[in-house]
Structure formats: structure tokens, C-alpha cells
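In: the following comprises the amino acid sequence and a computationally predicted model.
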Amino acid sequence: MVLKAVEFVKTAYLALQARIITGLTNIGTSLMSFGTKTLLPAMQNIGKKLLRVFGRVLLPLYAFYNAVVGFVEGFTANKDDSLVEKIFRGISRGIEEVINAIVMWPADLIKDVVSWIAGALGFTEIESFLDSFSFQEGSSE
């Protein structure tokens, strides 16, 4: 009689456990389906829109700002130069700053990410080599 009671409790417990596992599996499957069908595409659309705004609005403003700052720095670099020399130096410094902002800064960012990954994987020599230079500093010399 005791063995039958233990067997009954064991069977009931295993049946309850199977129902709980099946229910949790169904919930997990539903959540995964929701995430891949609705959440992920929505996040991708938001990312595309942000990149579009950055590319069309913020990047030209950033370039213009750097051009103006570079022109002012170049124009005021040497007080003894003539007006033509100041203007030429200002224009060249403005172009240099735009190139630094649009080309060299992203190159430094990519280099820093690769350096970080190399360091995380244990390639310390590669990491130290990549950290030893900068594209932005090299372009202004």
C-alpha cells in the first residue's frame, strides 16, 4: 500500500513537471518568435533612420564646424603674415580639419576597436603597436 502511494506521488510529480516544462517551452518559443518577428525589425528600422539622419544632417554640420574652426586656427596662427598668406593658411587648415573629422577620426575609431579586440584575445604586441600611433596626428604633420 505504501509503495502504491509513493508510486502515485511520483507519477503525479512527473506529470506536473512535464506540464511545467511544456508550458515554459511554449512561452519561450512565443517570446523568441515575438523578438525575431517584431522587435528585431523595429530596432533595425530605428537604426537605419538614425544613420540616415546622421549622414544627411549631422555629418555636413560636423564638417562645416571643423572647416570654420580650422580656418580660424590657420588664419590666426602667425600674426606677421600677409592677408593672402593668412587666408591660404586658413583654407588649408580648414580642409585638413574636415579630412581629419570625416576620414581620420573613423579610421582611428576602427583602429582602437581592433586594438581592444586584440588585447582581449591576448595579442598584447599587436595592441601596443596599434595604440602607438594615430591617423589624426599623422595627417596633420
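Out: Looks like it arrived, so ask away.

In: the helix or strand harbouring residue 116 - contacts with which helices or strands?
Out: Secondary structure from DSSP states H and E places residue 116 in helix 105-120. In terms of contacts (3 or more C-beta pairs under 8 Å, 6 or more residues apart in numbering; DSSP states H and E), helix 105-120 is packed against helix 124-131, helix 135-139. Quick note: C-beta positions are derived from backbone N, CA and C, even for glycine.

In: residue 52: which of those is closest?
Out: Closest to residue 52 of those is helix 135-139 (C-beta to C-beta; 26.2 Å).

In: before we move on, back to that, just give me the lowest mean pLDDT stretch among the helices and strands packed on helix 105-120.
Out: Per-stretch mean pLDDT for the helices and strands packed on helix 105-120 is lowest at helix 135-139 (a mean of 73).

In: so which residues of the protein form helices?
Out: 2-34, 40-53, 59-75, 83-99, 105-120, 124-131, 135-139 (DSSP state H).

In: how about these in JSON lines, adding mean neighbour count?
Out: Rendered in JSON lines, the data for the helices of the chain read as follows (neighbours: other C-beta atoms under 10 Å):
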{"stretch": "helix 2-34", "mean neighbour count": "10"}
{"stretch": "helix 40-53", "mean neighbour count": "10"}
{"stretch": "helix 59-75", "mean neighbour count": "16"}
{"stretch": "helix 83-99", "mean neighbour count": "16"}
{"stretch": "helix 105-120", "mean neighbour count": "14"}
{"stretch": "helix 124-131", "mean neighbour count": "14"}
{"stretch": "helix 135-139", "mean neighbour count": "13"}
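
In: ok, and the closest non-adjacent residue to residue 115?
Out: Excluding the flanking residues, the one nearest residue 115 by C-beta to C-beta, 6 or more residues apart in numbering is residue 130, at 3.7 Å.

In: I'd guessed that neighbour sits against residue 117; true?
Out: No: Residue 130 lies out of contact with residue 117 (C-beta atoms under 8 Å); the separation is 10.0 Å.
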